[in-house]
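Asks: Fold the following for me, if possible:
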Amino acid sequence: MIYTITFNPALDYVVKVEDFKLGDVNRTCYEQVYAGGKGINVSMILNNLDIENIALGYIAGFTGDEIEKRVKAFGCKTDFIKLNRGISRINIKLKSSEESEINGRGPEIYKEALDILFNKLGALREGDFLVLAGSIPNTLPKNIYESIMERLKGKNIRFVVDATGELLLNVLKYKPFLIKPNHHELAELFNVEFKNEEEIIYYGKKLQEMGGENVLISMASKGAIFISSTGDVIRSYAPKGVLKNSVGAGDSMVAGFIAGYLKNNKLEEAFKMGVATGSASAFSEGLAKKEFIEELLKQII
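Replies: Numbering: from 1, shown residues only. The predicted structure follows:
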């Protein structure tokens, strides 16, 4: 089974304004509401690819109820923990000549609620996937990813980590199955500026030496680089398409990789599926559909 955790899910309020003017009254020409959060995005894409999974995380208040309602309506299985204080956040995604975001804070996650999550995670079995994606709310210990992986150590759980900075570096000692920094995040980890792809590969291998089994480095329109646990370095260019939505593309790549790997346990096929899925979401108004993903998969070289 595949499990995703979204510690701080949100209702994403996506609006488009033709010519946004700061300090003025602006009228939208497009608006939509989605259930958001990196783990939730992974669950939704997996569901689009007919891969069974369970979305874990925390919800609170009327916004939390709406998040759960929308995720379930999408066809996903959920096992959210309902907090009795606060409300789940609302994030504003403003599309105009430039894209801007305003992200809410979210509710407080108290110790008793954290213990409930640990109990749920105790049911994971050997071979299960656990996706840990996104930042940590300030009401949780900064080492929460480490605490989870420490508790599950020895159960042969395949951890997938999509995080940045110290949050990523601190879990490498647990040898996650897959890590997915983008090239900007990779540069920030080592405080460098990349001049060419050879340098990207060099520092990707550094992460592998530190514990990451498979390293998937996304590079937006330039495609991706994959450094596998078998020692292969594979480069893929992104398929052709029109960028419509940058939100969720990285999460889609993670979901696509997992889905591709589950087919026949071949890492190269998993990488191709990841690139196709991430690109499909980037070329869609929302998260990518299976048919479009399969269409783009044929273009991946």
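Asks: Keeping just the C-alphas, turn stretch 261-271 into CSV.
Replies: The C-alpha coordinates for stretch 261-271 follow below in CSV (Å, rounded to 0.1, in the frame of the first residue of the first chain):
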residue,chain,number,x,y,z
TYR,A,261,8.0,1.6,-10.5
LEU,A,262,5.1,-0.5,-9.3
LYS,A,263,4.5,-1.8,-12.9
ASN,A,264,7.7,-3.9,-13.1
ASN,A,265,10.2,-2.6,-10.5
LYS,A,266,12.3,-1.0,-13.3
LEU,A,267,13.9,2.3,-12.2
GLU,A,268,14.3,3.6,-15.8
GLU,A,269,10.7,3.1,-16.6
ALA,A,270,9.8,4.8,-13.3
PHE,A,271,11.8,7.8,-14.3
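Asks: For it, what does the pLDDT average out to?
Replies: Across stretch 261-271, pLDDT averages out at 95.
Asks: Now tell me what touches it from outside.
Replies: 51, 214, 216, 224, 226, 228-230, 232, 234, 236, 257-258, 260, 273 (Cβ atoms under 8 Å, 6 or more residues apart in numbering). Every C-beta, even on glycine, is put in place using the N, C-alpha and C of the backbone.
Asks: PyMOL command to pick out the buried ones of those?
Replies: PyMOL command restricting those to the buried ones, with burial defined by 16 or more other Cβ atoms under 10 Å:
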select buried, resi 51+214+216+224+226+228+236+257+258+260+273
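Asks: Between all of the contacts of stretch 261-271, which two are separated the most?
Replies: Ile51 and Asp232 (24.3 Å; Cβ to Cβ).
Asks: quick one: which of the contacts of stretch 261-271 sit in strands?
Replies: Taking DSSP state E as the definition of strands, those contribute Asn214, Leu216, Ala224, Phe226, Ile234, Ser236.
Asks: Nearest to Lys21 among those residues?
Replies: Using Cβ to Cβ, the ones in strands among the contacts of stretch 261-271 come closest to Lys21 at Ala224, 37.1 Å.
Asks: The closest one and Gly250 touch, don't they?
Replies: No. The pair Ala224 and Gly250 does not pass the contact test of Cβ atoms under 8 Å, sitting 10.2 Å apart.
Asks: Spit out the residues that contact the two alike.
Replies: Ser218, Gly278.
Asks: in the stretch 151-300 of the chain, what spans have low per-residue confidence?
Replies: Counting by pLDDT under 70, the stretch 151-300 of the chain contains no low-confidence range.
Asks: Mind jotting down where the strands sit in it?
Replies: Taking DSSP state E, counting those that start in this stretch, the strands of the stretch 151-300 of the chain run over residues 158-162, 178-179, 214-218, 224-227, 233-236.
Asks: Compute the inter-axis angle for the first one and strand 214-218.
Replies: When you say that, I think you mean strand 158-162. Here the directions of strand 158-162 and strand 214-218 differ by 30 degrees (axes from the mean of the first three to the mean of the last three Cα atoms, to 10 degrees).
Asks: Quickly run through the sheet partners of strand 158-162, with directions.
Replies: strand 129-133 (parallel), strand 178-179 (parallel) (DSSP bridges).
Asks: Repeat that for the last one.
Replies: Strand 233-236 sits in its sheet next to strand 224-227 (antiparallel), going by DSSP bridges.
Asks: what residues does stretch 55-70 touch?
Replies: Residues from elsewhere that reach stretch 55-70 (Cβ under 8 Å, 6+ apart): 3-11, 33-35, 37, 39-40, 43, 71, 76-90, 106-107, 109, 113, 117, 120-121.
Asks: What subset of those is buried?
Replies: 3-11, 34-35, 37, 39-40, 43, 71, 76, 78, 80-81, 83, 86-90, 106-107, 109, 113, 117, 121.
Asks: Alright, I will stop here.
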